[in-house]
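# Predicted model, plus sequence, below.
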Amino acid sequence: MSGSLPLLLLVDDEPEILVALGDLLEDRYRILSTASPVEALELVRTHPDIAVIVSDQRMPELTGSQFLARVRRQTNAEAILLTGYADLTAVVTALNDGAISGYANKPWDAEALIAMIAAAADRFALRQALAFERAAFRALADGSGDIVTILDRDGQVVRGTAPPEGIDPRDLAIVAQDDSDSEDRQLPQPSGDRWTHITRIPFAIGTQRYLLKIERDDTYRRLAERRHHQSEKLEALGTLSGGIAHDFNNLLAAIIGNLELAERRIDDRDRLRRYLGAATEAAGRGSAITRRLLSFSRQRDLAAEIFRPDDVIQSIEELIVRTAAGRIGVAYDFAEPAWVVRTDVGQFELAILNLAINARDAMDGSGTVRIGTANIAEAAAFLPDFAGPFVRISVSDTGSGMDSAVRERVFEPFFTTKAQGAGTGLGLPMVRAMARAAGGEVTIDSEVGRGTSIHLWLPRINAGPIAVSPPASDRITPRRLMLVEDDPEVRAVVAAQLEAAGHSVVVHDSATRAVAVLEAGERFDMVLTDYAMPDMSGIDVAARVRACCPDTPVLLITGFAEIGDTQIGVPVLTKPFTSEQLLGAIALATAIPDSVSG
């Protein structure tokens with residue numbers, strides 16, 4: 001008999017009854033039968049899948065009600081008692097005790113008995129299914145590591161632990177809907193930020209509505225995503241390093257050469273001015289490259305921002321040019337006026353650099369990489385699955401192009417046509433992932449022998465970015481300043497710049513001694529401090545200044561690009577800088593008092 005049929009246990013001390021019941025039920029059930037209630041107890045123990053027990057009441061070893069009362073401790077099977085009218089009291093007692101779910105008189109009505117047993121088997125199956133669902137839910141709730149709660153329509157917890165922050169308004173909004181909802185939350189903590197992913201699933205039981213809420217710690221995945229994103233940046237920087245080293249050698253040669261010429265022509269003011277100007281220009285170019293490299297390489301959380309693609313492309317122009325390593329031309333064709341888009345700026349920069357590197361490698365030493373943007377009022381003509389205004393960012397080359405077989409595979413992770421060790425095959429998949437996350441797409445136009453154009457499509461955003469410019473100072477107000485800097489060359493240059501502008505400067509090469517002077521009572525109009533020093537960091541100096549001199553503003557000077565993105569509570573000036581930038585930062589910092597927490 002098929003194992004899908006319910007298992008039935010028949011217990012009666014009269015063999016003829018067992019045969020009759022077996023004949024009646026064998027087409028619908030798997031049958032176990034015995035004339036002994038004691039033996040039946042053993043059958044129940046060894047067959048936990050018994051769905052229904054049909055037992056006689058009058059038996060010599062145990063009465064049916066006694067047998068079923070013992071059985072109830074071992075199984076959840078449904079029980080039906082067969083009895084004569086004389087045993088009605090025992091039947092009522094068994095019903096009241098919950099030992100049986102029904103009874104039938106002897107002789108029985110075949111159709112009524114079949115229907116009673118079928119209903120009992122259905123109840124058993126339903127109970128087993130419910131027990132399975134409960135066990136599965138409990139395993140999910142208790143074993144998954146997630147926080148699982150069930151809320152009613154008022155936000156009260158039905159199952160689970162009530163959160164300390166109380167009722168979440170978003171829970172109340174979702175429980176009244178039919179669609180599920182998910183969100184990601186960042187939770188700042190002293191030991192480092194954590195992230196949680198929340199899934200909300202509304203459901204109803206009759207007229208009552210509930211919400212299944214699952215909160216999952218997403219910190220590990222987020223950190224892994226950050227590390228992967230950083231590794232992609234480092235790969236791109238590795239590709240850039242050769243061209244950057246070459247250009248820095250040129251810049252240093254220009255600086256050193258012009259300074260040597262200036263030293264020889266110290267008596268010729270015109271030539272001296274020209275040589276010093278050339279050295280300053282070369283140093284400025286090197287500073288721009290370094291600043292952009294530090295900003296590009298720093299670790300940061302992925303976050304969508306609103307920006308104009310051409311502005312970002314122009315901001316990394318130095319890096320794009322370095323991808324050419326002096327061998328490939330770079331040309332630009334930007335839309336005017338440019339529309340704005342919304343995606344992660346770091347990922348966008350990395351995408352453009354990857355596309356520029358691919359374009360360079362496709363041209364084998366000669367040609368031009370063209371980077372352009374276009375405002376497309378209706379994308380449907382180019383992208384059948386999209387509609388509305390899009391910005392198209394294109395990177396084109398005049399290289400060898402691709403055939404159809406390569407075009408179909410270029411977005412596969414780890415697929416590359418470059419030589420072994422020259423590429424990972426992750427650049428284009430990353431570009432497409434970024435575009436799709438922003439609601440856009442990537443398309444390719446390419447023919448063998450006619451070059452390739454990669455088009456990055458991003459939807460237009462109606463809101464534009466907000467640019468905040470620091471206030472400019474019309475005149476210099478002489479101030480008494482403290483400068484804390486451990487590097488003697490930097491200390492001398494900055495002090496000279498400040499004194500040339502009319503400020504009075506007291507310099508310290510030790511942060512510890514500088515703080516001791518302040519805490520002893522000496523006062524200054526402002527403290528300028530380096531960030532990275534051996535005895536005390538600039539952050540610590542700022543905190544000590546706040547403690548002893550709360551009205552004294554602090555300006556932090558640093559060569560680390562990432563410090564500017566940290567909520568440290570003090571204004572930051574990044575090295576290298578000009579005198580004008582230094583004086584502007586001082587004017588801004590003294591106009592807006594800083595605030596250092598802790």
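In hand now; what should we look at? Quantities reported herein were computed from a predicted structural model and do not represent experimental measurements.
# the helices in the stretch 301-450 of the chain, which residues?
Residue ranges of the helices in the stretch 301-450 of the chain, as given by DSSP state H, counting those that start in this stretch, are 309-315, 317-323, 345-362, 404-407, 427-437.
# likewise the stretch 151-300 of the chain?
Counting by DSSP H, counting those that start in this stretch, the helices of the stretch 151-300 of the chain are 169-175, 219-264, 269-297.
# so which of the helices of the stretch 301-450 of the chain comes closest to Gly206?
Smallest distance to Gly206 across those (C-beta to C-beta): 40.4 Å, for helix 427-437. Using the backbone N, CA and C atoms, a C-beta is placed for each residue, glycine as well.
# buried ones in that closest one?
Across helix 427-437, burial judged by 16 or more other C-beta atoms under 10 Å covers Gly427, Leu428, Pro429, Met430, Val431, Arg432, Ala433, Met434, Ala435.
# any idea how far the third one lies from Arg480?
Translated: Pro429. Distance, Pro429 to Arg480, using C-beta to C-beta, to the nearest Å: 58 Å.
# What of the last one?
Using C-beta to C-beta, one gets 54 Å for the distance from Ala435 to Arg480.
# How about the fourth one?
Plainly put, Met430 is 53 Å away from Arg480 if you go by C-beta to C-beta.
# same check, this time on the second one
Counting by C-beta to C-beta, the gap from Leu428 to Arg480 is 58 Å.
# what residues are up against Ile476?
Ala501, Gly502, His503, Leu583, Ala587 (C-beta atoms under 8 Å, 6 or more residues apart in numbering).
# Show me those that map onto strands.
Using DSSP state E, no member of the contacts of Ile476 falls within strands.
# Tell me the pLDDT of Glu456.
One thing to correct before we go on: residue 456 is Leu, not Glu. Note on Leu456: pLDDT of 92.
# Go ahead and confirm Asp168 touches Gly155.
Yes: counting by C-beta atoms under 8 Å, Asp168 touches Gly155, with 7.1 Å between them.
# any idea how far Ala335 is from Arg392?
Distance from Arg392 to Ala335, by C-beta to C-beta: 9 Å.
# before we move on, what about Arg407?
Distance, Arg407 to Ala335, by C-beta to C-beta: 26 Å.
# helices or strands up against the helix or strand hosting Leu481?
Element membership of Leu481 [criterion: DSSP states H and E] is strand 480-484. Judged by 3 or more C-beta pairs under 8 Å, 6 or more residues apart in numbering; DSSP states H and E, strand 480-484 is in contact with helix 488-500, strand 504-508, helix 511-519, strand 526-530.
# most packed of the ones you listed?
Sort those by mean neighbour count, taking mean count of other C-beta atoms under 10 Å, and strand 526-530 sits at the top with a mean of 25.
# and that strand, average pLDDT?
Strand 526-530 comes out with an average pLDDT of 93.
# That one: what's the following helix or strand?
Counting by DSSP H and E, what follows strand 526-530 is helix 538-548.
# Next secondary structure after that next one?
Per DSSP H and E, the first helix or strand lying C-terminal to helix 538-548 is strand 554-558.
# strands paired with that next one, and their directions?
With DSSP bridges as the test, strand 554-558 is paired with strand 526-530 (parallel), strand 572-574 (parallel).
# Show me the one of these that comes nearest Ile316.
Ile316 lies closest, by C-beta to C-beta, to one member of the strands paired with strand 554-558: strand 572-574, at 16.8 Å.
# tell me the pLDDT at the residue nearest to Ala380 when sequence neighbours are not counted?
In space, not counting the residues next to it along the chain, Ala380 is nearest to Ala387; the distance is 4.8 Å by C-beta to C-beta, 6 or more residues apart in numbering. Confidence at Ala387, expressed as pLDDT, is 87.
# low-scoring stretches of the stretch 251-400 of the chain, by residue?
Residue ranges of the stretch 251-400 of the chain with pLDDT under 70: 251-266, 275, 278-279, 281-303, 318-319, 322-327, 365.
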